[in-house]
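Q: fold the following for me, if possible:
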Amino acid sequence: MYASASTWLFNVARQLHAAAGAGPVATQFVSAKADFSGFDDPSVTRIVKSHEISDEPTLLELARRSTRILVTMRDPRDAATSLMRYHGYDFAAAKPLIEQAARLCMGFARDRRAMLLHFESGFAQSSASVARVAAHLGYPPDPDAEARIFAAHQRQEIEKHIAGLDRMPGALMDPISGDRLDPHTHWHTHHAGRDGEIGRWRRVLSPAQAASLSDALADCYDFVP
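A: Numbers count the residues shown, from 1 in each chain. Model prediction:
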């Protein structure tokens, strides 16, 4: 889900793989079938990130290729306010993206290969989460490495990394928004300054907007009033 600490988790998984010495790794964002290009090298582990997938063939291909799945979920109403606040979307533009992402998340959350982490649990602020993720991915326990990885992914360290994107060789830039991206970590400049407020939707969304998301996703997500 958008704004659910998914980039935090993506990078923790990357670093756990490296710490375990588990071999070559490549990272990829997948939203369409074309994104699977180059995936057939069995010597390389692929760590894939996604938010929403609109076509079933891509969804089925991603499911077929997955060995372990990590799902981060957040109240879709708060996730919508994050797109509105940090991406400049209005509600009409945010809603379909949030709906697609929620359905992708909850579909995979039911998979036996998946571990579901709720943003509201504060998992990104808990050192125990790194050990849980390592165990789910099949890496041997390594408390020292897990402690280093957790420390490297605290908010102040993330902010330092993002602050250096404009000087980073290889960083990409969106020519329209001016947003910069580290293609290895997937940290964007729009990730800076996040406050992670829970329940923001109550003061940002109108009652009609909140109800429209609740109604649209009532079959796959349990909403708290």
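Q: list the contacts of M84.
A: By CB atoms under 8 Å, 6 or more residues apart in numbering, the contact list for M84 reads 90-91, 94, 204. For every residue, glycine as well, the C-beta is placed using N, CA and C.
Q: if you drop the residues flanking it in sequence, what lies closest to M168?
A: D182 (6.3 Å; CB to CB, 6 or more residues apart in numbering).
Q: repeat that for T58.
A: Counting by CB to CB, 6+ apart, T58 lies nearest to K33, which is 4.8 Å off, once chain neighbours are set aside.
Q: the one you found: neighbour count?
A: K33: 15 surrounding residues under other CB atoms under 10 Å.
Q: likewise L62?
A: L62: 20 neighbours (other CB under 10 Å).
Q: confirm it sits in a helix?
A: Yes: the assignment for L62 (DSSP: H, G, I helix; E, B strand; the rest coil) places it in a helix.
Q: return the residues in contact with it.
A: Each residue near L62 by CB under 8 Å, 6+ apart is listed here: 30, 48, 50, 53.
Q: filter the contacts of M84 down to just the buried residues.
A: Buried members of the contacts of M84, counted by 16 or more other CB atoms under 10 Å: 91, 94, 204.
Q: my guess is the second one contacts A80. True?
A: Yes: under the contact definition of CB atoms under 8 Å, A94 touches A80, with a separation of 4.6 Å.
Q: so which strand or helix has R103?
A: Assessed by DSSP states H and E, R103 sits inside helix 91-109.
Q: and the next helix or strand after that helix, which residues are buried?
A: As assigned by DSSP H and E, the chain's next helix or strand after helix 91-109 is strand 114-118. Under the neighbour-count criterion of 16+ other CB under 10 Å, strand 114-118 has 114-117 buried.
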